[in-house]
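>>> let's see this in three dimensions:
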Amino acid sequence: MAALRQRPRAGSPPFKPRFNRSARNGASPHRNRYRLNAVLAFWIAYILTRPLGASLGDYLSQPRVDGGLGLGTVVTSALFLATILGVVIYLTRTRKDTAVLVPSAGERDRQNGSL
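Numbering: from 1, shown residues only. Down below sits the predicted model:
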């Protein structure tokens with residue numbers, strides 16, 4: 001006799017998503033490589049890059065008399081926007097920022113049903 005499947009309750013999803021550990025950790029290869037906490041890695045990157053961006057923005061927008069290039073704030077903002085959009089479009093099309101997940105030997109055995 002075939003087992004009866006229970007129908008899902010109203011409003012509940014028909015399946016339960018499964019997230020295994022390798023998929024979570026595989027999405028951030030530097031976190032595994034250097035064993036960094038995700039929050040710590042964020043703050044290190046933030047602290048190191050924010051002053052550089054501010055200095056570059058000041059250099060581009062300040063008048064030539066004050067040692068800048070004199071582009072103004074509107075042109076500097078447009079330049080930053082174009083750069084960010086260019087990087088996002090490049091990464092979206094090439095997918096160079098995606099990690100390739102390689103299952104471990106134990107996961108391969110489970111997937112093949114040999115355990």
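>>> which SS state does Leu69 fall under?
Here Leu69 is recorded as coil under DSSP: H, G, I helix; E, B strand; the rest coil.
>>> so how far is Gln62 from it?
8 Å (C-beta to C-beta, to the nearest Å). Placement of C-beta: from N, CA and C, glycine included.
>>> so how far is Asp109 from the closest residue to Gln111 other than its chain neighbours?
Ranked by C-beta to C-beta, 6 or more residues apart in numbering and with sequence neighbours excluded, the top spatial neighbour of Gln111 is Pro103, at 6.8 Å. Distance, Pro103 to Asp109, by C-beta to C-beta: 9 Å.
>>> same thing with Leu85?
Distance of Leu85 to Asp109, given as C-beta to C-beta: 45 Å.
>>> one more: Thr76?
Taking C-beta to C-beta as the measure, Thr76 falls 56 Å from Asp109.
>>> between these two, tell me which one has more neighbours.
Set Thr76 next to Asp109 and count neighbours by other C-beta atoms under 10 Å: Thr76 wins out with 19 against 12.
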